[in-house]
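Novice: let's see this in three dimensions:
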Amino acid sequence: MTLEQLTQHNQRPLNGASIGDRRRGKRVGVMPLDGGEGGDPKAGDPKGGHAQFLKKRRGDEPTSGLSISSAVTEFMLHQRVSRHSPRTVEYYVFCLTRFSKWVAGQGIEYVEDIDAGCIRLFMCELEDTMKPNSVHAIMRAVRALFNFIEREELIGSNPMRKIRMPKTDKLIMPAFTEDEIASLLKGCSGKEPLDVRNRALVLLLLDSGLRLAECASLKLSDVDIETGVIHVIGKGRKERVTKLGASSLKAMHRYLRVRTGEPGEALWVGRRGAMTAYGIAETLEKLGKATGVHAHPHKFRRTCALMLLRNGADVFSVQYLLGHSDLGVLRRYLAQTDRDVTKAHTLHSPVDGMR
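Specialist: Residues are numbered from 1 along each chain as shown. Predicted coordinates:
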C-alpha cells in the first residue's frame with residue numbers, strides 16, 4: 001500500500017471512529033493495508049497459534065484499543081510530516097505491510113495483543129526464509145513502529161523492549177581493486193560522447209563517494225567547475241560538500257564540452273534526456289559486463305572511502321565527505337582488508353621496533 005493510500009484511509013473515519021477516538025481507547029475495526037474497507041472481524045475463534053494462546057491466557061474478555069492497521073497509518077503519517085525521503089517511506093511501507101499481514105494471519109487485531117512472544121515468532125518465521133541482514137532491516141521497522149506508539153502514549157508497554165535484535169553477518173564489503181578500476185576506465189577511454197560521459201561518471205563516483213541517488217540528482221549548478229567542489233543534498237535532506245580531484249575535474253570539463261541540454265538542467269544527460277538513478281545504475285552495469293568487473297553503484301562509494309583512508313585522510317573527514325551521521329555505518333564497510341593489516345604490522349611490528 002502506498003503512502004497516499006494510507007493517508008486517504010486516515011482522512012476518513014474507520015467504522016465511524018476518528019483518530020481521537022482511537023487515542024481515547026475506543027474499539028475500532030481493522031483498516032486493511034490492501035486498500036479495502038475496515039470492519040469488525042467475523043465471529044468465531046481467531047486463527048493462528050499465537051492468537052489461540054492469547055485467547056486461552058486472557059479468556060473471552062473483549063480487547064479494546066488501537067488497531068494495528070490504525071497504528072501503522074499514524075506512524076506513516078508521522079514519517080510524511082517528518083519529511084523523510086521517499087525511499088525511507090517505501091522501506092517502512094514494505095516492512096510494516098509484511099508485519100501487519102502476518103499479525104492479521106495470526107488472528108491478532110489490536111496493538112495491545114502483540115507481546116514479545118508474538119514478535120519473536122514473527123522473527124523466527126522471517127529467519128526461515130530470509131538472510132540475517134534482511135531480517136534485521138524488517139525488525140528495525142517494527143521497532144520504530146512500537147517506539148513511535150510508545151512515545152505517543154498509545155500503548156502501555158512496548159514489547160520491543162524485551163526483544164534482542166537478530167545478529168547480522170559481519171562481512172567485509174568488497175571495494176574495487178586497482179586493476180578493476182583500470183579496466184573500467186579503459187572501457188570508457190574512447191572519444192565518443194558516450195565514452196566521455198561514462199568516464200566522467202566513473203571518476204566522479206570514485207572521487208566523491210556520492211550515493212547513487214545523490215549522483216542522479218546533481219544539477220549543473222551543483223558542481224563548481226573551477227574548484228571541483230560539489231554541493232550535495234543527502235539523506236535526511238542534509239546538505240554537505242564533497243570535492244573532485246584534478247584528474248576527475250579534467251574529465252568533467254571534457255564531458256561538459258560534449259554534453260547536450262540546457263544550462264540549469266540535470267548534470268547527467270543521455271539520449272532521452274536527464275538520466276535517472278536507474279539509468280546510471282544500468283550504465284555502470286553495462287560497463288562492468290563489458291570489462292568483466294562487477295560494477296555495483298555502491299561499490300564506488302566503498303572504494304572511495306577505503307582509498308581516502310589508505311591515502312591518509314582522517315576518519316572524521318571521510319565521515320563528513322560521505323555524509324554519514326556517525327562512524328558506525330562507515331566502520332561497517334571499511335573493515336580493514338588483509339593487505340591493510342599485514343602492511344600495518346610490517347611498519348609497526350612491536351618486536352621489530354625493539355631493535
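
Novice: buried residues, stretch 161-171. List them.
Specialist: Neighbour-count burial for stretch 161-171, counted by 16 or more other CB atoms under 10 Å, picks out I163, P166. Every residue, glycine included, has its C-beta placed from N, CA and C.

Novice: also stretch 117-130?
Specialist: C118, I119, L121, F122, M123, L126.

Novice: the first one sits in which helix or strand?
Specialist: When secondary structure is defined by DSSP states H and E, C118 falls within helix 116-129.

Novice: buried ones in the next helix or strand after that helix, by neighbour count?
Specialist: The element immediately downstream of helix 116-129 (helix or strand, assigned by DSSP H and E) is helix 132-151. By neighbour count with 16+ other CB under 10 Å, helix 132-151 contains the buried residues 135-139, 141-146, 148-150.

Novice: I'd like those residues written out as JSON lines, with pLDDT and distance to K250 added.
Specialist: Formatted as JSON lines, the buried residues of helix 132-151 follow (pLDDT from 0 to 100; distance: CB to CB, whole Å):
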{"residue": "V135", "pLDDT": "92", "distance to K250": "46"}
{"residue": "H136", "pLDDT": "92", "distance to K250": "42"}
{"residue": "A137", "pLDDT": "92", "distance to K250": "40"}
{"residue": "I138", "pLDDT": "94", "distance to K250": "45"}
{"residue": "M139", "pLDDT": "95", "distance to K250": "47"}
{"residue": "A141", "pLDDT": "95", "distance to K250": "44"}
{"residue": "V142", "pLDDT": "96", "distance to K250": "49"}
{"residue": "R143", "pLDDT": "96", "distance to K250": "47"}
{"residue": "A144", "pLDDT": "95", "distance to K250": "45"}
{"residue": "L145", "pLDDT": "95", "distance to K250": "49"}
{"residue": "F146", "pLDDT": "96", "distance to K250": "52"}
{"residue": "F148", "pLDDT": "95", "distance to K250": "49"}
{"residue": "I149", "pLDDT": "93", "distance to K250": "54"}
{"residue": "E150", "pLDDT": "93", "distance to K250": "54"}
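
Novice: closest to V223 out of those?
Specialist: Nearest to V223 among the buried residues of helix 132-151, counting by CB to CB, is A137 at 33.1 Å.
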